[in-house]
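Student: coordinates only, no sequence provided:
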Ligand code: C5P
């Protein structure tokens, strides 16, 4: 398989330095990247940096190597064009079809998917001109990622920050895997739990697990990209908030239960990707448990945590609410998965094999999606966003309105 050809357009904002990280992610994962910085972008990051990181000269001039017709060829030959950061000016030019430099020419000639990752001050982002330009680009099929909220250049904070490079990269990888993205979850509210709960023993110790939260975050980000309203209940994760997602942070299984039940009251689908501790210490020591010479430590007595997945499956907050669970198995994956699906009473169970470096903390995952209707879909090892999309495909295939579903 030939390496996917990516054009990384960089327009003139300070966030251009973050595009270096995005470029590194592309090249390290086997993509061929042609960087096309605008003249303004070169004020922030110079040609040498782009050339060193991409392994080829940056393309900056319409009038260089004219015999190779660069203003047409670069766009025509790309599998994906991503512009990060996309300034208000660049979005305006793209929306109106201007072609006064190599990047805008490339955008006009590209027939592949195009992703824009905007970055600008809040006032510029919220200006009706920019909003109309974004709407125009989206209507034409371009993917415009919502900017993140946070610190901007200077002392300002607000919406307009470039989304995390990891997030832009994940969105691009999805586009390359799926061709284009649809808003097929528009109008739906979904709840995703992610991460791993921690059950405290004393103020400094807890019982925890190895879940990084990456799969749950991939589910939240992909659902938002497909138009859903997303509530992400995150337990002890160190990942940046996905743009456009409501994040509720929790620590223990009981806190996670409260947050999920509250959000589920209005949700069309609940996906329980969190690794929830089955047990918690029966007692919490308010002071640090001390070791005493010559005295054996007291055994830790555990009590059961409620099974949230079984609970929300048995007692649906809304008629027709779809409930998806996860099962990490080390052996007899399919048989154990089917038994768990029946035991939990959910509609879909995502079964993956863990152990020996598989799944936990990794960027890839393979799984079997077992449906209560008997369906079985195998997802080959790949990026966690690809598995997330496959899960949302199953959700999207079931009508949001329960009346439609029973009629079908
Ligand atoms: O029983 P097991 O822990 O293997 O089940 C995993 C699935 O059940 C996951 O979807 C997890 O989020 C959910 N779960 C839960 N409450 C628990 C334990 C697991 O909701 N106490």
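Tutor: Ah, there it is. The structure displayed is predicted, hence computed values, not measured ones. Numbering: from 1, shown residues only.
Student: quick check: bridge partners of residue 8?
Tutor: Beta-bridge pairing of residue 8 under DSSP bridges involves residue 35, residue 82.
Student: hang on, it packs against residue 80?
Tutor: No: here residue 8 does not reach residue 80: they are 9.4 Å apart, not a contact under CB atoms under 8 Å. In short, each C-beta sits where N, CA and C put it, glycine included.
Student: and these two? Which one has more around it.
Tutor: Applying other CB atoms under 10 Å to residue 8 and residue 80 shows that residue 8 carries more neighbours, namely 28 against 22.
Student: so where's the stretch 151-300 of the chain uncertain?
Tutor: The model of the stretch 151-300 of the chain has no residue with pLDDT under 70.
Student: the ligand contacts on that one?
Tutor: Counting by CB under 6 Å from any ligand atom, the residues of the stretch 151-300 of the chain close to the ligand are 253, 272, 274, 276, 278.
Student: which residues does the fourth one contact?
Tutor: In this case it means residue 276. Going by CB atoms under 8 Å, 6 or more residues apart in numbering, residue 276 touches 193, 196-197, 235, 253, 256, 305, 308-309.
Student: now intersect those with the helices, please.
Tutor: Judged by DSSP state H, the contacts of residue 276 include 253, 256, 308-309 as members of helices.
Student: could you flag which of the residues you listed are buried?
Tutor: If you count burial by 16 or more other CB atoms under 10 Å, the buried members of the ones in helices among the contacts of residue 276 come out as 253, 256, 308-309.
Student: and which of those is nearest residue 244?
Tutor: If you rank these by distance to residue 244 using CB to CB, residue 256 comes first, at 22.0 Å.
Student: now the closest one. Nearest residue, chain neighbours left out?
Tutor: residue 250 (4.7 Å; CB to CB, 6 or more residues apart in numbering).
Student: how near is that neighbour to the ligand?
Tutor: Distance of residue 250 to the ligand, given as CB to the nearest ligand atom, to the nearest Å: 13 Å.
Student: number of nearby residues for residue 155?
Tutor: Per other CB under 10 Å, the neighbour tally for residue 155 reads 6.
Student: scratch that, residue 396
Tutor: Neighbours of residue 396 (other CB under 10 Å): 19.
Student: check residue 348 too.
Tutor: 23.
Student: just list whatever residues bridge to the closest residue to it other than its chain neighbours.
Tutor: Distances taken as CB to CB, 6+ apart place residue 324 nearest to residue 348, at 4.5 Å, with adjacent residues excluded. Beta-bridge partners for residue 324, by DSSP bridges, are residue 271, residue 348.
Student: ok, residue 324 - contacts?
Tutor: Residue 324 is in contact with 269-272, 346-350, 391, 394-395, counting by CB under 8 Å, 6+ apart.
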